[in-house]
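1. my questions concern the predicted model and sequence given below.
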Amino acid sequence: MTIKRTDFPDNFIFGVATSSYQIEGATNEDGRGDSIWDTFCREPGRIQDGTGGDVACDHYHLWPQDLDLIQSLGVDAYRFSVAWPRIQPDGKGPVNQKGLDFYERLVDGMLERGLQPYLTLYHWDLPQTLQDEGGWVNRETAYRFAEYARVVAERLGGRVRSYATLNEPWCSSILSYQIGEHAPGLQDRRAALAAAHHLLLGHGEAVKVMRDIVPGSSLGIVLNLQPAYPASDREEDVAAARFADGTFNRWFLDPIFRGEYPADIWDAYGEDVPTVQDGDFAATSQPIDFLGVNYYSRSVNGATGNVRPSESSYTHMGWEVYPQGLTDLLVRINHDYTVPPVYITENGAAYPDELEGGRVHDAQRVEYFKAHVQATSDAVQQGVNVAGYFAWSLMDNFEWAFGYSRRFGMVYVDYGNQQRILKDSAKWYQTLVTRQDAGVALPADD
Ligand code: PNW
């Protein structure tokens, strides 16, 4: 039985996703300031292949043809992000009109092509000048973020019906300030937990500000959630899974949907917990209209560390392919929290694709997508209000610490000439979303 679009509600959204630093390039154009990723990529040893985002997919120049490409896929929506340092090169104060002009053209270009813009305000490109003052460890950054949100919402207004504040605050705090794999590359748990708190505070302050500016638009946040399973039903393994779930998922879900941090993890963090001021939880738990969930894999937790199930298959990131985890996760958050409509804002897989005679036969990615779209449908069947699904990613792009060595795209990018080539997975997605399987004929693909 193959999954069909008609298995989903009529108003279910299918889309593709990208982010600014990963695709745009043009890091020195039209008044853009440096972001922490520009700095990080210049530091030797930070990026596996020694690259950075200076050119990337050159989307800053190629955006009209990229929008044509997205339209040709037949999807309903495009999730993209705005680069803060294009809007405010110093992260505060003067607004760079040329930066706003770019995103206005982009949004209008989507609307002209019948694509709904799903905008993310912060997909990790923090202005470097704010990092020089501590970045997210500095509480002031939360308020700077709300100002930036105001500037963007005032310009784009109701043309954008969906605004997400943050993409994956776990990554921009823990991975960035504690584990050190992402910019700015610090290794300090206390700093990371302060950063996480200020990210969540900034989210709440931005929601408050945007409510009045774009009253008709949906406001939300995107979290990367990873269901944590115990390696066995032994007590120690169950406790390890509960701890992993707490640090990864509940630490972000609870402040948003319950206005508190999870007590078990708060205690475990000891001296490293953040300073919470009066009113902070009122901000973090501002009502939101949607929750974005980025799902890639699960964790399997044992008392002595994580376990890699040997019967499973793994992607080029080394991430286990586990579609059931997506269903389990959605059912679980729907049970444990009062959640607004949920979007799968990212889901996808990296594989070492090769161009063969002008084609890319990415059979494993097709299987990955099929299984996860099916898993999404299963969650809908089990009563979860899932409103949409976005494939990560539209095209191959700059995969952070892995540079260009990991390809997540449905569309292959030849970085030598910036050619875009539809992989088999893009053709499969096109068939799914255009209801070709429901009997609607489309022009045959050569
Ligand atoms: C997400 N982890 O990143 C991001 O939103 C995308 O920009 C990125 O390209 C995509 O997933 C694939 O990596 C993550 O270590 C990076 O758990 C790392 C992790 C999770 C998500």
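-> The structure has been received and is ready for your questions.
2. which stretches in the stretch 201-350 of the chain count as strands?
-> Per DSSP state E, counting those that start in this stretch, the stretch 201-350 of the chain has strands spanning 218-224, 228-230, 290-294, 299-302, 305-306, 342-346. These are given in chain order.
3. most packed of those strands?
-> Ranked by mean neighbour count, those are led by strand 342-346 with a mean of 26 (mean count of other CB atoms under 10 Å). The C-beta positions use only the backbone N, C-alpha and C, and glycine is treated the same way.
4. alpha carbons only: can I get the helix or strand just after it in CSV?
-> Using DSSP states H and E, the next helix or strand after strand 342-346 towards the C-terminus is helix 363-381. Provided in CSV are the C-alpha atoms of helix 363-381 (Å, rounded to 0.1, in the frame of the first residue of the first chain):
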residue,chain,number,x,y,z
ALA,A,363,16.2,5.3,-3.9
GLN,A,364,17.0,5.3,-0.2
ARG,A,365,15.7,8.9,0.1
VAL,A,366,12.5,8.0,-1.7
GLU,A,367,12.0,5.2,0.8
TYR,A,368,12.8,7.5,3.7
PHE,A,369,10.2,10.0,2.6
LYS,A,370,7.6,7.5,1.8
ALA,A,371,7.9,5.9,5.3
HIS,A,372,7.8,9.2,7.1
VAL,A,373,4.9,10.7,5.1
GLN,A,374,3.1,7.4,6.0
ALA,A,375,4.1,7.9,9.7
THR,A,376,2.7,11.4,9.6
SER,A,377,-0.6,10.0,8.2
ASP,A,378,-0.6,7.4,10.9
ALA,A,379,-0.4,10.1,13.6
VAL,A,380,-3.3,12.0,11.9
GLN,A,381,-5.3,8.7,12.0
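5. what sits up against helix 363-381?
-> Helix 363-381 is contacted from outside by 2-3, 7-9, 12, 295, 313, 315, 321, 323-327, 330-331, 334, 344, 347-349, 351, 353, 386, 389, 391, 410, 423-425, 428-429, 432, using CB atoms under 8 Å, 6 or more residues apart in numbering.
6. okay if I get the strands of the stretch 201-350 of the chain as CSV plus mean pLDDT?
-> Shown next, in CSV, are the strands of the stretch 201-350 of the chain (pLDDT from 0 to 100):
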stretch, mean pLDDT
strand 218-224, 99
strand 228-230, 98
strand 290-294, 99
strand 299-302, 98
strand 305-306, 96
strand 342-346, 99
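7. now those as a markdown table including distance to the ligand?
-> As requested, the strands of the stretch 201-350 of the chain are arranged in a markdown table below (distance: least, CB to the nearest ligand atom, whole Å):
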| stretch | distance to the ligand |
| --- | --- |
| strand 218-224 | 5 |
| strand 228-230 | 12 |
| strand 290-294 | 6 |
| strand 299-302 | 9 |
| strand 305-306 | 12 |
| strand 342-346 | 5 |
